[in-house]
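In: No letters, just coordinates:
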């Protein structure tokens, strides 16, 4: 949905409220003015874009619709539009926001005590404090329910041991929402581990070919002591972690729409300007056919996201609907971005045209918050009544 270049073909902006349009335009202007001119350098150097994060914190768009505690009042659609636009600019920055607001902040908002919410959420909404969400482990990704990190209670202190992997913001977080299994009852519990905790060792994962401007970590926990006051009281089992994750699947569908929009816009611009055989590429039937098919898929992704937002407003968004949307939109985004790269020819692999960055970033987004296979099995179980995970 970007009317300046014709991606709002179904006039979806007519469905948006003035507040939703304001959040969208504010984020879009930030992306165009601040992100796109500099992001290739950060991405190529695998450097975390601290100045962009500082500017984002002043924009008043961080909070994912959390009610109160300094978070901006945002509808589900406004929240989605912010994620869409940030990812239209850059997947690393979009992923950072997904971890900060969708995982870390939302965990505290949904499952934390009033004191925990008051302490952490206001500065996190301003990006004065950075959050992480530590669930996955070296041996447990899609089957995170089988996590092996342990928590043992000793009086008013919990002692954590184990390993985590692929933890966004893990090396820079002021607070990490960490999930561990209670040795006493075998149930998964959630903890807030503060920066500088003794025994918490985070190592940045280098050598990534995707999402290079956001950092993930391998984390080792060796007798990390966490007070009972930093346990999330709303967590009673792994289902509570799953409830947080279910909310982020819809966000990933919006993020995929942002990547696909960026690629389509780049391809449409390029094909209007690029001359071959004495005329612009858009003068060739096969190019028009490909652009139309890309737009058709993009419009379908927009309608998925609009419906996600409406169901969220009505309190009827289920984890299975979010799973289907995540699966659909990430798959379609990969296809659209691949077609865009091909239409740009040799120039398609240059960062100057942005498409290649979106292509490789989309590979990570297609995987995290549940792979296509896992989303398929979630929906398959829902429509058949038969679990086929094993």
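Out: Perfect, I can see it now. As the structure is a computational prediction, the values presented were derived from the model and not from experiment.
In: Helix or strand with the lowest mean pLDDT in the chain?
Out: The helix or strand of the chain with the poorest confidence is helix 372-384; it has a mean of 90 (mean pLDDT, DSSP states H and E).
In: contacts for that one?
Out: 142, 249, 319-320, 323-324, 326-327, 330-331, 366, 370, 386-389 (CB atoms under 8 Å, 6 or more residues apart in numbering). C-beta coordinates here come from the backbone N, C-alpha and C atoms, glycine included.
In: May I see the buried residues of that helix?
Out: 372, 374, 375, 377, 378, 379, 380 (16 or more other CB atoms under 10 Å).
In: Tabulate these (JSON lines), appending distance to residue 114.
Out: Putting these into JSON lines (distance: CB to CB, whole Å) gives the following:
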{"residue": "372", "distance to residue 114": "39"}
{"residue": "374", "distance to residue 114": "34"}
{"residue": "375", "distance to residue 114": "34"}
{"residue": "377", "distance to residue 114": "37"}
{"residue": "378", "distance to residue 114": "33"}
{"residue": "379", "distance to residue 114": "36"}
{"residue": "380", "distance to residue 114": "40"}
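In: quick check, nearest of those residues to residue 201?
Out: In terms of CB to CB, no member of those lies closer to residue 201 than residue 374, at 29.1 Å.
In: Let me know the distance separating the closest one from residue 11.
Out: 35 Å (CB to CB, to the nearest Å).
In: Centre-most residue in the protein?
Out: The centroid of the chain falls nearest to residue 98 when counting by CA atoms, centre = their mean (3.7 Å).
In: Now do the helices in the stretch 51-200 of the chain.
Out: With DSSP state H, counting those that start in this stretch as the definition, the stretch 51-200 of the chain shows helices at residue ranges 76-89, 91-97, 106-111, 114-125.
In: and of those helices, who's closest to residue 283?
Out: Taking those one by one with CB to CB, helix 76-89 is closest: 27.4 Å.
In: Against which helices or strands is the closest one packed?
Out: helix 18-30, helix 91-97, helix 238-273, helix 285-313 (3 or more CB pairs under 8 Å, 6 or more residues apart in numbering; DSSP states H and E).
In: Which one of the ones you listed lies nearest to residue 58?
Out: Using CB to CB, those put helix 18-30 closest to residue 58, at 9.7 Å.
In: Show me what counts as buried in the closest one.
Out: Those buried within helix 18-30 under the rule 16+ other CB under 10 Å are 20, 23, 24, 26, 27, 28, 30.
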